[in-house]
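**Student:** Sequence and predicted structure, then a few things I'm wondering about:
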Amino acid sequence: MSYLSSTINRITFAPQIPLWQFIGGAIAILLFQFVIFAQQTPNITTSDDQQTLIIDGNTDTQVYSFGKNVVVKHSAKEVFVFGGNVTIEGKIEGDVGTIGGSVIQKEGAFIGGDVIVLGGTYQPEVQKPLRNAEKETVIIGIFEEELRNFAQNPTAIFSPTLTWGFLAQRILSILFWFLLSFAFTTISPGAVSRAVARFQLSTLKIVAVGISGFLLTTIGIMLSVAFLPGYLSGIISLMTLLLLFLAYVFGRVALQVSSGKLLQKYFLPENKHSETTAILLGVVSWTIILSIPYVWTFALLLLFSVSIGLVFTARTKNGWQKV
């Protein structure tokens, strides 16, 4: 199990962004890759409260746990936990990692591989823990409690809780996207206008092209990871994700402007029409849609599809007919 080959020793940050949007795009991959792996063997038992896996004997298997803590009393090959802590009292031959939890290394315990922690801490009980000097420690302190709660209740990602914090995040999101959309339409009004026109003239074609492009891009990343050298596939994946992010920003701006103009046309008198009002209406409407439980997943997919479709058809000339 090789999670990272980075030379980063420690990274700790805690950005204030909506958790459910942060991990919404990765949830399918997480659920596909990280499943509970707790075979009923004499070496692996479960605590009375069903919240902890205990490795009592020696095992040469890779232990995966979803939503449970893991305690290694003797030895294991490798351990990965999503939404729980890893407590090492014995020996782990390879890597140990956790998302939404911490790695706790007791005195006298040994870790032979890398230590990777996302949303938690690495807590050795002694100043110089028993480690392989050639291996790395990577810690990203972000969303520990949220990731742990998500592991306990995965469906919560589709139905966020209505709290004052959630409302504050929505207000900040409206402000952010309004300023960004206003900047785009001011700096490059022609590009935004052409994108809005293409979307209105051929909505179904834009969405179809976008979905196809998204699927092909995803397959391309998977193939690069599977068949290309690690450093090359990493560069390709990062560049592709960056391009997708930029396409999403531009596509969302165009879709917000288009939606705002449509709402303005039907709900406001003509003397009240303006570009700024259209942008505000579009931003507010899409922020509300992306805040509705379960509906936001389909809305996000639509945004990505439209964004990629608009980018892929940006050079098309006068060939768009109304559907």
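**Tutor:** Nice, thanks for sending it over.
**Student:** Excluding chain neighbours, give the residue nearest to V126 in space.
**Tutor:** With CB to CB, 6 or more residues apart in numbering as the measure, E107 is the residue that lies nearest to V126, at 5.2 Å, once sequence neighbours are left out. Backbone N, C-alpha and C define where each C-beta goes, glycine included.
**Student:** quick one, phi psi at the one you found?
**Tutor:** phi -60, psi 130 (degrees, to the nearest 10).
**Student:** Can you get me a residue count around it?
**Tutor:** 10 (other CB atoms under 10 Å).
**Student:** start the count at 5, not 1, going forward
**Tutor:** Renumbered: residue one is now 5, and that last one reads E111.
**Student:** wait, isn't it in contact with K132?
**Tutor:** No: E111 lies out of contact with K132 (CB atoms under 8 Å); the separation is 10.7 Å.
**Student:** got the buried residues for the longest helix seen in the chain?
**Tutor:** Across the chain, the helix with the greatest residue count (assigned by DSSP state H) is helix 234-271. Judged by neighbour count (16 or more other CB atoms under 10 Å), helix 234-271 contains these buried residues: 237, 240-241, 248, 251-252, 254-265, 267-268.
**Student:** for stretch 203-214, same thing?
**Tutor:** Residues of stretch 203-214 classed as buried: F203, S206, K209, I210, V211, V213, G214 (neighbour count, 16+ other CB under 10 Å).
**Student:** Can you read off the pLDDT for the fifth one?
**Tutor:** At V211, the model reports a pLDDT of 89.
**Student:** Distance to N275 and secondary structure added to the buried residues of stretch 203-214, as CSV?
**Tutor:** Shown next, in CSV, are the buried residues of stretch 203-214 (distance: CB to CB, whole Å; DSSP: H, G, I helix; E, B strand; the rest coil):
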residue, distance to N275, secondary structure
F203, 26, helix
S206, 31, coil
K209, 35, helix
I210, 32, helix
V211, 34, helix
V213, 38, helix
G214, 36, helix
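**Student:** Tell me the one among those nearest to I59.
**Tutor:** Nearest to I59 out of the buried residues of stretch 203-214 is G214 (CB to CB; 46.5 Å).
**Student:** tell me the SS of the residue in the chain sticking out farthest from the centre?
**Tutor:** Going by CA atoms, centre = their mean, the residue of the chain most distant from its centre is N275, 42.9 Å out. Look at N275: counting by DSSP: H, G, I helix; E, B strand; the rest coil, its state is helix.
**Student:** quick one, what contacts it?
**Tutor:** Neighbour list for N275: empty [criterion: CB atoms under 8 Å, 6 or more residues apart in numbering].
**Student:** can you list the domain ranges for this structure.
**Tutor:** The chain is divided into the following domains under automatic domain parsing: 23-160, 166-316.
**Student:** Hmm, A113 is touching I92, no?
**Tutor:** Yes: here A113 reaches I92: they are 4.3 Å apart, a contact under CB under 8 Å.
**Student:** Which neighbours do those two have in common?
**Tutor:** With CB under 8 Å, 6+ apart as the test, A113 and I92 both reach V76.
**Student:** re earlier: which one of the buried residues of stretch 203-214 sits closest to L306?
**Tutor:** V211 (7.1 Å).
**Student:** measure the closest one to L304 for me?
**Tutor:** Distance, V211 to L304, by CB to CB, to the nearest Å: 13 Å.
**Student:** now do T165
**Tutor:** When distance is defined by CB to CB, T165 is 19 Å away from L304.
**Student:** between the two, who's got more neighbours?
**Tutor:** L304 (17 against 10).
**Student:** ok, so what distance separates the more buried one from F218?
**Tutor:** Separation of L304 from F218 (CB to CB): 11 Å.
**Student:** Sketch out the low-pLDDT regions of the protein for me.
**Tutor:** 5-47, 51, 54, 63, 146-162, 234, 319-327 (pLDDT under 70).
**Student:** Skipping adjacent residues, who's closest to L236 in space?
**Tutor:** Nearest residue to L236, sequence neighbours excluded (CB to CB, 6+ apart): S228, at 7.3 Å.
**Student:** so that neighbour touches L242, yeah?
**Tutor:** No: S228 is not in contact with L242 according to CB under 8 Å; the separation is 10.9 Å.
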